[in-house]
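J.: got a sequence here, can you build the structure:
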Amino acid sequence: MATDKLSWQGTILGVQPRIRLTRSFDQRWHTYRGYALRVKGQMGGEEGEFLIDIGKATQAKYRFQVGAVVSGRSASVCYCTL
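T.: Numbers count the residues shown, from 1 in each chain. Purely as a prediction, here's the structure:
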């Protein structure tokens, strides 16, 4: 996994909670893992749509919403197009 961070910028198309759903026999439960931002713009010099995962505290601090123009630098987990 690369440690280099990619610069990105664009417009938020969606903000969605990320959860982990666990099942065991007849019981189910979930835990919140943060949020995923779907962004249309540029990442690493290429145009397209991409996902940025953020934590609960980051969403609480900045309150990202659809239509907001954002930018940042993030570590890449999987660099692929949607």
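
J.: quick one: low-confidence ranges for this protein?
T.: 1-3, 78-82 (pLDDT under 70).

J.: how about the helices in this protein?
T.: Applying DSSP state H to the chain gives helices spanning 56-62.

J.: skipping adjacent residues, who's closest to residue 21 in space?
T.: Leaving aside its sequence neighbours, residue 21 sits nearest to residue 30 (Cβ to Cβ, 6 or more residues apart in numbering; 4.9 Å). Quick note: C-beta positions are derived from backbone N, CA and C, even for glycine.

J.: so what's the spatially closest residue to residue 64 that is not a sequence neighbour up against?
T.: Spatially, and ignoring its direct neighbours in sequence, residue 64 is nearest to residue 15 (5.4 Å; Cβ to Cβ, 6+ apart). For residue 15, the contacting residues are 35-38, 59, 64-66, by Cβ atoms under 8 Å, 6 or more residues apart in numbering.

J.: quick one: which of these is nearest to residue 23?
T.: residue 36 (21.8 Å; Cβ to Cβ).

J.: gap between the closest one and residue 55?
T.: 11 Å (Cβ to Cβ, to the nearest Å).

J.: same check, this time on residue 8
T.: Applying Cβ to Cβ to residue 8 and residue 55 gives a distance of 17 Å.

J.: for the longest strand that the chain contains, C-alpha coordinates in PDB please.
T.: Secondary structure assigned by DSSP state E gives strand 5-24 as the longest strand of the chain. In PDB, the C-alpha atoms belonging to strand 5-24 read as follows (Å, rounded to 0.1, in the frame of the first residue of the first chain):
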ATOM      1  CA  LYS A   5      -1.100  11.100  -0.700                       C
ATOM      2  CA  LEU A   6      -3.100  12.200  -3.800                       C
ATOM      3  CA  SER A   7      -4.500  15.700  -4.200                       C
ATOM      4  CA  TRP A   8      -8.200  15.900  -5.100                       C
ATOM      5  CA  GLN A   9     -10.900  18.500  -5.600                       C
ATOM      6  CA  GLY A  10     -14.500  18.600  -6.800                       C
ATOM      7  CA  THR A  11     -18.200  18.800  -6.000                       C
ATOM      8  CA  ILE A  12     -19.900  16.500  -3.600                       C
ATOM      9  CA  LEU A  13     -22.600  14.300  -5.300                       C
ATOM     10  CA  GLY A  14     -23.500  12.300  -2.200                       C
ATOM     11  CA  VAL A  15     -22.800  11.700   1.500                       C
ATOM     12  CA  GLN A  16     -23.500   8.200   2.800                       C
ATOM     13  CA  PRO A  17     -22.900   6.600   6.200                       C
ATOM     14  CA  ARG A  18     -20.600   3.500   6.100                       C
ATOM     15  CA  ILE A  19     -21.700   0.700   8.400                       C
ATOM     16  CA  ARG A  20     -20.500  -2.800   9.100                       C
ATOM     17  CA  LEU A  21     -23.400  -5.300   9.400                       C
ATOM     18  CA  THR A  22     -22.700  -8.400  11.400                       C
ATOM     19  CA  ARG A  23     -24.900 -11.500  11.600                       C
ATOM     20  CA  SER A  24     -24.800 -14.400  14.000                       C
END
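
J.: since that was my last question, I'll sign off now.
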